[in-house]
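Visitor: when you get a sec, could you give me coordinates for this:
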Amino acid sequence: MSAPHQLVVVLGPTASGKSALGVSLAEALNGEVLVCDSTQVYRRFDIGTAKVTAAEERGIPHHLVDMVDADAVFTAGEFRNCAIEALAAVASRGKLPVLTAGTGLYLRALLDGLADVPKRSEELRERLRDSVARRGPEHLHRLLTRLDPASASRIASRDTQKIIRAIEMRVLTGKPVGEIHQSGRNALSGYAVTKIGLAPPRAELYAKIDARTHAMLAAGWLDEVRSLLASGVAPDAKPFQFIGYSALRAHLQGHLPLDEAIANIQRATRQFSKRQMTWFRREKDVHWLEGFGDDPAVVSAALAFVQSSARP
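Guide: From the prediction side, this is the model:
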């Protein structure tokens, strides 16, 4: 059997500097970056999702960004399939794959595998969407409550996308979603995974989040949202539910003053970073570094750890 390829994972909360550290490691170790982020897969939603710019890439190839349009449904399973293909391509070029992970579910899907869930049924989905149009999402949620009470308790009554998927899985398999997810998983094979976690002090992270919000606005975030709406992207498209995009859309529609929108974005981002850390702290075998990914001392410590992990 051939030796496994090394895979470096950089994980941590938003604004912790994962992208910067990923690029630095790829530069030093002949690598390429793979982005594990559920928002950056959408094209044209750039500034608010913190996609790296061409200058920030510093010539390092980046993968798994800008894959689908705003009206697409993109799942953790689809991400896993794309990521496995990208990993194989990077490894085949003799490069080190460096995965920068902000979406814990996507990371878990890639490394641990997913349950054997049924493929989407467009016929069933069309009927369910028609039901929503005629009777509202709450009606569909009541149907899910009868079919799968446990799933209904976890899904908001107006989260149409998740409600439809849960009903679809229940109807197609005859099993509750929880039972399906407990079935066998197929973990990633052929890679020796080295995980580095970024854990900046909370007060410093929150200050960075607040400053980054203003920097994103200065970089043209509001104009980006205005352009997206003007080009015909539906206001209820999935990416407009992302942090910041919903608030800025509401501002442009006259529903929210800009200062309140900014405060909402900062508060929601801080709360999101806390949820990310709660998730990532459950990850096994993470080498945690207490700082930001653009700190030279953190870069040196991460590089030393990766190099020591690669030694036989």
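
Visitor: list the contacts for Arg58?
Guide: 23, 27 (Cβ atoms under 8 Å, 6 or more residues apart in numbering). Where C-beta positions appear, they are placed from N, C-alpha and C, glycine not excepted.

Visitor: let's see that with 10 Å instead.
Guide: Arg58 makes contact with 20, 23-24, 26-27, 52, according to Cβ atoms under 10 Å, 6 or more residues apart in numbering.

Visitor: how near is it to Gln307?
Guide: Separation of Arg58 from Gln307 (Cβ to Cβ, to the nearest Å): 20 Å.

Visitor: next one: Gly136
Guide: Distance from Gly136 to Gln307, by Cβ to Cβ: 57 Å.

Visitor: please, where are all the strands along the protein?
Guide: 5-11, 31-36, 62-63, 96-101, 191-198, 286-289 (DSSP state E).

Visitor: just checking: what are the partner strands of the second one?
Guide: When you say that, I think you mean strand 31-36. strand 62-63 (parallel), strand 96-101 (parallel) (DSSP bridges).

Visitor: go through those strands and pick out the most buried.
Guide: strand 96-101 (a mean of 26; mean count of other Cβ atoms under 10 Å).

Visitor: for the stretch 151-300 of the chain, just list every one of the helices.
Guide: Assigned by DSSP state H, counting those that start in this stretch, the helices in the stretch 151-300 of the chain fall at 160-173, 177-181, 202-218, 221-230, 245-252, 258-280, 296-310.

Visitor: of all the ones you listed, which lies closest to Asp148?
Guide: Shortest distance between Asp148 and the helices of the stretch 151-300 of the chain, using Cβ to Cβ, is found for helix 160-173: 4.9 Å.

Visitor: quick one: buried residues of the helix or strand of the chain with the lowest mean pLDDT?
Guide: With mean pLDDT, DSSP states H and E as the measure, the helix or strand of the chain carrying the lowest mean pLDDT is helix 177-181 (a mean of 79). Using 16 or more other Cβ atoms under 10 Å as the test for burial, helix 177-181 gives 177, 180.

Visitor: distance between that helix and the chain's centre?
Guide: 22 Å (Cα atoms, centre = their mean, to the nearest Å).

Visitor: touching it from outside, list them.
Guide: 114-118, 144, 147-148, 150-152, 154-155, 162, 165-170, 172-175.

Visitor: let's see it at 6 Å
Guide: If you take Cβ atoms under 6 Å, 6 or more residues apart in numbering as the criterion, helix 177-181 is touched by 115, 117, 148, 150-151, 166, 169, 173.

Visitor: my read: Tyr106 touches Ala76, true?
Guide: Yes. At 5.5 Å, Tyr106 and Ala76 qualify as touching, with contact defined as Cβ atoms under 6 Å.

Visitor: higher neighbour count, these two?
Guide: Neighbour count, other Cβ atoms under 10 Å: between Tyr106 and Ala76, Tyr106 has more, with 25 against 16.

Visitor: residues touching that one, list them.
Guide: Here Tyr106 is in contact with 36, 38, 76, 79 (Cβ under 6 Å, 6+ apart).

Visitor: show me which pair in those is furthest apart.
Guide: Cys36 and Ala76 (10.3 Å).

Visitor: mind giving me the domain ranges of the chain?
Guide: 5-114+185-310, 122-181 (automatic domain parsing).

Visitor: hey, which of those is tucked in deepest?
Guide: domain 5-114+185-310 (a mean of 18).

Visitor: average pLDDT for that domain?
Guide: For domain 5-114+185-310, mean pLDDT is 96.

Visitor: next, the distance between the ends of that domain.
Guide: 10 Å (Cα to Cα, to the nearest Å).

Visitor: and it, how far from the chain's centre?
Guide: Computed by Cα atoms, centre = their mean, the chain-centroid distance of domain 5-114+185-310 equals 6 Å.

Visitor: which residues in the stretch 1-150 of the chain form helices?
Guide: 18-29, 54-57, 76-92, 104-112, 122-135, 137-147, 149-154.

Visitor: all set, thanks.
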